[in-house]
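Participant: here are the coordinates; sequence isn't available:
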């Protein structure tokens, strides 16, 4: 088996999240600084090792005051926990271009298993001759399981922000020589 190393291209990738606000609509945010990579068999991404790290201070919801609050101890506590990390346990084809990605997510000092859906987007060579591979990854986490326990209530008794967080990542990896 020939081992291939891949690195995330942050210029052609994005990491986003969605969470309910007032239980009536969703707020979308992103992390603008991240890095990661994978190690796979040259001809097959099945069983690839995948790792990823997000810079919590790069959170961006297009509202500076909200971003500052999210970086605070009420939420991510970026000063004490500056990174969110993921380390895969397995990556297996389900059917066609669909895969299951399982691993350990560490957020705010709490590590828990997570299973994500990944869709293979294809492999292509860029203008400089680099081989690139793309995946769209989606999943959900419960924010309270990771210590994000901010529980402000609305006047009607509902949560200001929802419990479940939808994760969406469009990732382009570049083969390393």
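Facilitator: Cool, the structure landed. A quick note: this is a predicted structure, and the numbers were derived from the prediction, not measured.

Participant: Report the buried residues of the helix or strand hosting residue 17.
Facilitator: Residue 17 belongs to strand 14-21 when elements are defined using DSSP states H and E. For strand 14-21, the buried set under the neighbour-count rule, 16 or more other CB atoms under 10 Å, comprises 15, 17-20. No exception for glycine: its C-beta is placed from N, CA and C like everyone else's.

Participant: State the mean pLDDT of that strand.
Facilitator: The average pLDDT within strand 14-21 is 89.

Participant: between the very next helix or strand once past that strand and strand 14-21, how many degrees?
Facilitator: Past strand 14-21, further along toward the C-terminus, the next helix or strand under DSSP H and E is strand 25-31. Strand 25-31 runs at 150 degrees relative to strand 14-21, counting by axes from the mean of the first three to the mean of the last three CA atoms, to 10 degrees.

Participant: tell me which strands and helices strand 25-31 is in contact with?
Facilitator: strand 14-21, strand 59-60 (3 or more CB pairs under 8 Å, 6 or more residues apart in numbering; DSSP states H and E).

Participant: wait, which of the ones you listed is closest to residue 162?
Facilitator: strand 14-21 (3.1 Å; CB to CB).

Participant: Mind giving me the packing neighbours of the closest one?
Facilitator: In this structure, strand 14-21 makes packing contacts with strand 25-31, strand 161-175, judged by 3+ CB pairs under 8 Å, 6+ apart.

Participant: Out of those strands, which one sits most buried?
Facilitator: Most buried of the helices and strands packed on strand 14-21 by mean neighbour count (mean count of other CB atoms under 10 Å) is strand 161-175; its value is a mean of 18.

Participant: quick one: contacts of that one?
Facilitator: Judged by CB atoms under 8 Å, 6 or more residues apart in numbering, the contacts made with strand 161-175 from elsewhere in the structure are 4-9, 12-21, 23, 26-27, 36-38, 116, 130-144, 150, 152.

Participant: filter these to the buried ones?
Facilitator: When neighbours are counted using 16+ other CB under 10 Å, the contacts of strand 161-175 contain these buried positions: 4, 6, 8, 13, 15, 17-20, 27, 36-38, 116, 132-135, 137, 139, 141, 143.

Participant: re the thing from before, can you put the helices and strands packed on strand 14-21 in JSON lines and add mean pLDDT?
Facilitator: Converted to JSON lines, the helices and strands packed on strand 14-21 look like this (pLDDT from 0 to 100):
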{"stretch": "strand 25-31", "mean pLDDT": "89"}
{"stretch": "strand 161-175", "mean pLDDT": "90"}
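
Participant: Quick one: the helices in the protein, in order.
Facilitator: With DSSP state H applied, the chain shows helices at 64-71, listed in chain order.

Participant: Low-confidence stretches in it?
Facilitator: For the chain, residues meeting the criterion pLDDT under 70 lie at 1, 22, 42-43, 150-161.
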